[in-house]
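[1] let me see the structure of the following:
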Amino acid sequence: MTSPKVRVEAAETEAAAWHARLGVRNVSTATIEEFFAWRASPANAEAYRRVEKVWADTGSLADDPAITAALDAAMSRRAGRDRPVRLPRTLLGLAAVGAAAALAIGSWTWMQSRTVFATDVGEQRLVQLADGSSVRLDTASRIRVRFEGDRRLVDLERGQALFTVAHDRSRPFVVQAGDARVTAVGTVFDVRRNGTAVSVILVSGAVDVAPGEGRAAQRMAAGQHARVTPGGVATRIADVPAETGWTDGRIVFRDTPLREAVAEVNRYLTAKIELDAAALEAVPVNGVFRTGDRDAFVSTASRVFELEASPGPDGTVRLSARKNNRETSPGLPGV
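    Numbers count the residues shown, from 1 in each chain. Predicted coordinates:
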């Protein structure tokens, strides 16, 4: 009969292997389902939780001279030339799982990047997390994931993301966006950073939103929009389908000032639109456009607002006011 110690060691080995498999850029649905089946065993779930904890803690080991030397050697080693790097004895056993996995790949950079997910301008990405939660990243966004024993923490370093959180009352799911903190257990919500302000849209469930560490949190209800600034939290009723339309590749404008509409379209473009029509900047825009479809927006705006489109430097497009422009408009019909 297999001893308890051997069973624990086997579970830890499998957990480390799963942690590596789930850390790649694209994980198939079949792999996620296989992982959930493996983690259904309480022993496996506990082993995986220990591996997550070790991985989160390994960042504190970066200043250890022995570990630094080992990592430097691993990163500078040429394949097939040098002997494998020996880990310090202090890293042997379970406490070495995270660092050993990183050394096996060959760099400290890899160990950090496997918890970081990002999109380029115009790109969207769906990230499946190991706890069963998912994150849909919008254009030019970046998150850093840190799962620990008693909480699940995601730093939204820039951009926008829609979080679909797996229910786990014992491990709150916390999104940090600058000073703002959004805490959930199992729910769906959208978070966007815009300078020092953070917007939160609650699609379903409930979340607590605080403007900073140690500040009083405010409970949001489904269908609400919260604007979080250093001064506090202000809520209003949200137009959820419109404000989360980006998840379906749509930009929805409802009485949006033209200057803001242009800025929103530009979030998905590398070659931007430049608006040179001061008298029309506040004119309301109404319509629906596909993300990244610059031509459709420029064509419609030119026609409806009597703007002139001309090529600018580096592939940009300038929208300039013509003479006798209308100062108001029913808005853009979109596509």
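[2] model confidence over the helix ranked longest in the chain, on average?
    In the chain, taking DSSP state H as the definition, the longest helix is helix 4-21. Averaged over helix 4-21, pLDDT sits at 77.
[3] and it, how far from the chain's centre?
    Averaged C-alpha coordinates place helix 4-21 at 29 Å from its chain's average position (C-alpha atoms, centre = their mean, to the nearest Å).
[4] same check, this time on stretch 6-23
    That offset, for stretch 6-23, works out to 26 Å (C-alpha atoms, centre = their mean).
[5] now do stretch 41-53
    Distance, centroid of stretch 41-53 to centroid of chain: 25 Å (C-alpha atoms, centre = their mean).
[6] bridging residues for the residue nearest to the spatial centre of the chain?
    The residue lying closest to the centre of the chain (C-alpha atoms, centre = their mean) is residue 143, at 4.0 Å. For residue 143, the beta-bridge partners under DSSP bridges are residue 117, residue 156.
[7] and it, what's its pLDDT?
    We have a pLDDT of 97 for residue 143.
[8] so it touches residue 125, yeah?
    No. Counting by C-beta atoms under 8 Å, residue 143 stays clear of residue 125, with 10.1 Å between them. Backbone N, C-alpha and C define where each C-beta goes, glycine included.
[9] between the two, which contacts overlap?
    117, 137 (C-beta atoms under 8 Å, 6 or more residues apart in numbering).
[10] shaky segments in the protein?
    Applying pLDDT under 70 to the chain flags the ranges 1-2, 22-33, 52-114, 323-335.
[11] ok, which stretches of it are helices?
    4-21, 29-39, 42-57, 65-76, 97-105, 108-113, 240-243, 258-266, 294-304.
[12] what segments of the stretch 201-335 of the chain are strands?
    Assigned by DSSP state E, counting those that start in this stretch, the strands in the stretch 201-335 of the chain fall at 206-210, 218-221, 224-229, 232-237, 250-257, 273-276, 284-290, 307-311, 317-321.
[13] between these, which gets nearest to residue 45?
    strand 206-210 (25.3 Å; C-beta to C-beta).
[14] other SSEs contacting the closest one?
    strand 180-184, strand 218-221 (3 or more C-beta pairs under 8 Å, 6 or more residues apart in numbering; DSSP states H and E).
[15] save those as JSON lines, and put in mean neighbour count and distance to residue 161 too.
    Formatted as JSON lines, the helices and strands packed on strand 206-210 follow (neighbours: other C-beta atoms under 10 Å; distance: least, C-beta to C-beta, whole Å):
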{"stretch": "strand 180-184", "mean neighbour count": "23", "distance to residue 161": "11"}
{"stretch": "strand 218-221", "mean neighbour count": "16", "distance to residue 161": "17"}
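[16] residue 148 is in contact with residue 131, correct?
    No. Using C-beta under 8 Å, residue 131 is not in contact with residue 148; the gap is 11.5 Å.
[17] quick one: which of these two has more around it?
    residue 131 (19 against 14; other C-beta atoms under 10 Å).
[18] if I look at that one, how far off is residue 267?
    Separation of residue 131 from residue 267 (C-beta to C-beta, to the nearest Å): 29 Å.
[19] try residue 312
    18 Å.
[20] neighbour-wise, which of these two wins?
    With neighbours defined as other C-beta under 10 Å, residue 312 and residue 267 compare such that residue 267 has more, 19 against 15.
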